[in-house]
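K.L.:
give the three-dimensional model of this entry:
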Amino acid sequence: MGCHDPVPPGCAVPLAMLAVGPGVTDDDALVVGPGLVIPHRELTWRFSTAGGPGGQHVNTSNTRAEVRFDIAASPSLSPAVRDRLVAHLGESVAVAAGDRRSQMQNRELALERLAGRLASALRVATPRRATRPTLGSKRRRLDTKRRQGERKRGRRTRTDED
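P.N.:
Numbering: from 1, shown residues only. Down below sits the predicted model:
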């Protein structure tokens, strides 16, 4: 495949074979967060026609971009990070973007979505600590129960009380 050959729809292409844009080389990487950087050579791209509005442009241009990252085979991840990502996302993760008319914009959007997905899988939720209810919250709960009971008692008819 030469530098100027078009990419057929549905073909998976490594990023090294694509012209990524001005100032972007194969040495650049996707920065997910502090300490987690994924080289672009580990990402696999696939392009296809995007659905939706756009007229004939949509039917002829491969603007929809799908990026796939093989988590299990990535040499750039530490074992702990790899295990956490595989547990949350599976052995590989794929993200697609076809929102924009330009393939370049869809590539950037797909990379942002991939970074967001990886970052959210790595985020550790702080465990909830059980606390006792405050005196004020207990009083408010009991006041509400008392008012609700009075409201229901006021709805009764005389025959219900007998």
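K.L.:
got any ranges where this structure has weak pLDDT?
P.N.:
Residues of the chain meeting the criterion pLDDT under 70: 1-27, 52-55, 57-59, 160-162.
K.L.:
please redo it, this time with the cut-off set to 90
P.N.:
Within the chain, the set of residues satisfying pLDDT under 90 comprises 1-36, 40, 48-64, 76-77, 98-103, 124-125, 156-162.
K.L.:
that one: helices as residue ranges?
P.N.:
Remark: helices assigned in the chain by DSSP state H are 56-60, 79-89, 103-122, 135-155, 158-161.
K.L.:
of these, flag the one that's most buried.
P.N.:
Counting by mean count of other Cβ atoms under 10 Å, helix 103-122 has the highest mean neighbour count of the helices of the chain, with a mean of 17. To be clear about C-beta, it is placed using only N, CA and C from the backbone, and glycine gets the same treatment.
K.L.:
what's the offset of that one from the middle of its chain?
P.N.:
Distance of helix 103-122 from its chain centroid, counting by Cα atoms, centre = their mean, to the nearest Å, is 7 Å.
K.L.:
give me the helices and strands touching it, please.
P.N.:
If you count contacts as 3 or more Cβ pairs under 8 Å, 6 or more residues apart in numbering; DSSP states H and E, helix 103-122 packs onto strand 29-33, strand 36-39, strand 43-48, strand 64-70, helix 79-89, strand 92-97.
K.L.:
tabulate those (JSON lines), appending distance to residue 139.
P.N.:
Shown next, in JSON lines, are the helices and strands packed on helix 103-122 (distance: least, Cβ to Cβ, whole Å):
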{"stretch": "strand 29-33", "distance to residue 139": "45"}
{"stretch": "strand 36-39", "distance to residue 139": "49"}
{"stretch": "strand 43-48", "distance to residue 139": "58"}
{"stretch": "strand 64-70", "distance to residue 139": "54"}
{"stretch": "helix 79-89", "distance to residue 139": "43"}
{"stretch": "strand 92-97", "distance to residue 139": "50"}
